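*Asks:* Quick one, structure for this:
(one chain, ligands or ions: 1)
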Amino acid sequence: MNSSTLAEIDTTTELMTFQTLLTSLENGIFTITVNRPDKLNALNKATLEDLSNALAEAKSNNDIKGIIITGSGEKAFVAGADISEFAQLDSKAGVAFAAKGQAIYKEIENCPKPIIAAVNGFALGGGCELAMACHMRIASDKAKFGQPEVSLGLIPGYGGTQRLTQHIGRGRATELLMTGDIINASDAYRVGLCNYLVTPEELIPKCTEILTRIISKAPFAVAEIVKCVDAHYTDGVDGFKVEVQSFGACCDTDDFKEGSTAFLAKRKPVFTGK
Ligand code: COA
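*Replies:* Sure thing, here's the model as predicted:
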């Protein structure tokens, strides 16, 4: 990353604090750690609310350029929605429960700043769905992925049937969804559920390395890439048309002029996000 860009990032920002999350900001990278290790970081109502608020902060805080989501402790990323909170749901409450989770995960997926899931352990149910809503997944060799809801007489409700199919294809997704099987990190890597497979020690450094490279690029262009990729998966939207419009919008930015001028002058570009 261009060192002058790094130096401009204020790391002294006062961050919000959360009941169920730990957060930190270093060199523009905001790390959100789900912090209920005694419950394997299962997502209860408070955690979902906290995640939503942390995401809002990530979007609005100009010092935050990229985001890592991970889990506390050595065992779990997130072992699912908190089963103790949804055991009593009826159909009406179930619809509201799933819709709320889906809305928050959609915000993650649509976030204009890059988000990487650092999957350090169990990513089950709502945890696998959380990882899949992030723009990329990097797994440690301790990670395990699955959608075991069928074992509870349920199905995934936070987008798992859709995103698992998008990520690994219909046949493999249907098998995992119907069996509730939990797969290890190397199988997840083999089927394309994660971008990289690393040791636990390498997990955060690898996420940081990739995010650092991304946040050295033009932020507007990065945000438009999120929009265009999302368009591919949005019903009734022609992603090619979205791409044409996004390309045009990039042409109006100072960063495009800077990027092309710097290339021709054989120097590194300094992007401002304008
Ligand atoms: N919701 C609520 N609590 C959970 C949880 C979840 N999704 N996953 C784990 N926990 C809790 C356990 O109840 C236990 O709490 P306790 O110590 O108060 O009894 C604690 O986390 C540790 O879990 P435990 O089951 O003892 O660990 P394990 O190593 O034996 O098993 C798992 C690990 C992940 C295989 C097992 O916890 C599990 O199957 N969890 C549920 C996974 C799931 O179905 N997720 C999808 C829900 S939609």
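*Asks:* Name the residues of this structure found near the ligand, please.
*Replies:* Residues of the chain that fall close to the ligand, judged by Cβ under 6 Å from any ligand atom: 39-40, 42, 79-84, 122, 124-126, 148-149. (Each C-beta comes from the backbone N, C-alpha and C, glycine too.)
*Asks:* residues contacting the residue lying closest to Val78 once chain neighbours are set aside?
*Replies:* Spatial nearest neighbour of Val78, chain neighbours left out: Gly127 (3.0 Å); criterion: Cβ to Cβ, 6 or more residues apart in numbering. Shown here is Gly127, whose contacts under the criterion Cβ atoms under 8 Å, 6 or more residues apart in numbering are 41-43, 71, 76-80.
*Asks:* when you check the residues of the chain next to the ligand against the strands, which ones overlap?
*Replies:* Restricting those to those inside strands, with DSSP state E as the criterion, leaves 122, 124.
*Asks:* List only buried entries from the residues of the chain next to the ligand.
*Replies:* Buried positions within these, assessed by neighbour count (16 or more other Cβ atoms under 10 Å), are 39-40, 42, 79-82, 122, 124-126, 148-149.
*Asks:* wait, Gly126 sits on Ile104?
*Replies:* No - contact status for Gly126 versus Ile104: not in contact, 10.2 Å apart, counting by Cβ atoms under 8 Å.
*Asks:* And the residue of the stretch 101-250 of the chain closest to the ligand?
*Replies:* Gly125 (2.5 Å; Cβ to the nearest ligand atom).
*Asks:* can you pull the contacts of that residue?
*Replies:* Neighbouring residues of Gly125 by Cβ under 8 Å, 6+ apart: 79-81, 146-149, 156, 160.
*Asks:* hmm, which helix or strand of this structure has the shakiest average pLDDT?
*Replies:* Lowest on mean pLDDT, DSSP states H and E among the helices and strands of the chain sits helix 3-8, with a mean of 37.
*Asks:* Next secondary structure after it?
*Replies:* The C-terminal neighbour of helix 3-8 among helices and strands, as given by DSSP states H and E, is strand 21-26.
*Asks:* Residues in contact with the next helix or strand after that next one: which ones?
*Replies:* Along the chain past strand 21-26, the next helix or strand (assigned with DSSP H and E) turns out to be strand 29-34. Applying Cβ under 8 Å, 6+ apart, the set of residues contacting strand 29-34 from outside is 15, 20-25, 41, 43, 47, 51, 54, 57-58, 61, 64-72, 77-78, 204, 208, 211-212, 215.
*Asks:* just for this protein, where's the confidence low?
*Replies:* Of all residues in the chain, those with pLDDT under 70 make up the ranges 1-13.
*Asks:* so what's the closest residue to Lys39 other than its chain neighbours up against?
*Replies:* Counting by Cβ to Cβ, 6+ apart, Asp82 is the residue found nearest to Lys39 once chain neighbours are left out, at 6.8 Å. Counting by Cβ under 8 Å, 6+ apart, Asp82 makes contact with 39, 42-45, 47.
*Asks:* ok, Asp82 to Gly125 distance?
*Replies:* 10 Å (Cβ to Cβ, to the nearest Å).
*Asks:* Same question for Gln162.
*Replies:* 15 Å.
*Asks:* what does Ile83 give?
*Replies:* In this structure, Ile83 lies at 9 Å from Gly125, with Cβ to Cβ as the measure.
*Asks:* re earlier: wait, which of the contacts of Gly125 is closest to Ala265?
*Replies:* Ranking the contacts of Gly125 by separation from Ala265, with Cβ to Cβ as the measure, puts Gly160 on top at 48.1 Å.
*Asks:* For that closest one, list the residues it contacts.
*Replies:* So, once contact is read as Cβ under 8 Å, 6+ apart, Gly160 ends up touching 125, 128-129, 132, 147, 149, 177.
*Asks:* Just want the phi and psi numbers for Tyr196.
*Replies:* Backbone torsions for Tyr196, taken as degrees, to the nearest 10, come to phi -140, psi 150.
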